[in-house]
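Asks: what's the 3D shape of this:
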Amino acid sequence: MVMRNFALVWLAVAAAVTAASGKDWKVIRFGVDPSYPPFESKAPSGELVGFDIDLGKALCAKLNARCEWVENDFDGMIPALRARKIDAVLSDMSVTEKRRQQIDFTDRISYSPTRMVAKAGSDLQPTAESLKGKSIGVEQGTVQETYGRTYLEPQGVKVISYQNQDQVYADLKSGRLDATLQDSIQAEYGFLKTPQGQGFAFAGPEIKDDKILGAAAAIGVRKTDGDLKEALNHALAELKKDGTYQKLAAKYFDLDPSAGPQP
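Replies: Residues are numbered from 1 along each chain as shown. Just a heads-up that it's a prediction; the model follows:
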């Protein structure tokens, strides 16, 4: 009886969403950047894998929808969303006031502050004074790029932008970069805890700036698609309530990626 009532609730939610918008979300096209493990990346087989991918599939299952994955460089996510090439951004996108001016966001899906990575034993700190004359790598379109351009570059720090995160780490390993700025969870689980990240470590404390860096990550949607936002929020809440979210997170992290302030 409980399962029957659960199904009836979701049918009612789906019907209400469709009635409100006139659109039946049977297919949801998620924009993803597959250079950002453990959130999303490509397996040797070419299959998209990662926490965001698993979460998207679970959300679609709750909504009786089919996920379509659209690979995109991160700096092109919002333009692609606004041009209706995708329906939502599921790519560890931080919620900031600047982004809110262009798009809307669901409830929080993860929280991870920005941290700097450099060679292990480095005495570098994530400050303009420590980094003056040094080269810092960031991915294009990220809040870390905005932070670097705003606070570090004017003080003599060389901020170098890359098309994707894989390229950032490649130049860090080759010695072309002195350090990088990125999401701390991504850095820890997608780089430092892998063979690729041997010899590197976090340098200095977390970087806090809610205005530029945001306080959490969420799914980006168009302002005109409030129905999709509502449906995703309902589904996300159910995934957290029934333990699915926690099980998915445990595949990739030994922490709760959703812990932290609300966006």
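
Asks: going forward, measure contacts and count neighbours with C-alpha atoms only.
Replies: OK.

Asks: so what pLDDT did the nearest residue to residue 246 once chain neighbours are set aside get?
Replies: Excluding its sequence neighbours, the residue lying closest to residue 246 (Cα to Cα, 6 or more residues apart in numbering) is residue 240, at 6.8 Å. Note on residue 240: pLDDT of 95.

Asks: What strand or helix carries residue 240?
Replies: Using DSSP states H and E, the element containing residue 240 is helix 226-241.

Asks: from the middle of its chain, how far away would that helix be?
Replies: Taking Cα atoms, centre = their mean, to the nearest Å, one finds the center of helix 226-241 at 17 Å from the center of the full chain.

Asks: cool, and stretch 207-215?
Replies: 14 Å.

Asks: first to last residue in it, what's the distance?
Replies: 11 Å (Cα to Cα, to the nearest Å).

Asks: to the chain's geometric centre, what's the distance from stretch 105-117?
Replies: Relative to its chain's centre, stretch 105-117 lies at 7 Å (Cα atoms, centre = their mean).

Asks: swap in stretch 45-63?
Replies: Averaging C-alpha positions (Cα atoms, centre = their mean) puts stretch 45-63 14 Å from its chain's average.

Asks: ok so, going back, what is the neighbour count of the residue nearest to residue 246?
Replies: 14 (other Cα atoms under 10 Å).

Asks: Within the helices and strands, which one has residue 70?
Replies: Residue 70 belongs to strand 66-71, assigned by DSSP H and E.

Asks: Does the helix or strand that comes right after that strand pack against any helices or strands, and if so which?
Replies: Next helix or strand after strand 66-71 toward the C-terminus (DSSP H and E): helix 77-82. The contact analysis (3 or more Cα pairs under 8 Å, 6 or more residues apart in numbering; DSSP states H and E) places helix 77-82 against strand 88-94.

Asks: Please name every helix or strand in contact with the strand it packs on.
Replies: Under the contact rule (3+ Cα pairs under 8 Å, 6+ apart), strand 88-94 is packed against strand 27-32, helix 51-62, helix 77-82, strand 217-221.

Asks: returning to what we had before: show me which positions of the helix holding residue 240 end up buried.
Replies: For helix 226-241, the neighbour count (16 or more other Cα atoms under 10 Å) marks 226, 227, 228, 229, 231, 232, 233, 234, 235, 236, 239 as buried.

Asks: Excluding chain neighbours, what is closest to the one residue sitting closest to the centre of the chain?
Replies: Per Cα atoms, centre = their mean, the C-alpha nearest to the average position across the chain is that of residue 92, at 0.4 Å. Counting by Cα to Cα, 6+ apart, residue 217 is the residue found nearest to residue 92 once chain neighbours are left out, at 5.6 Å.
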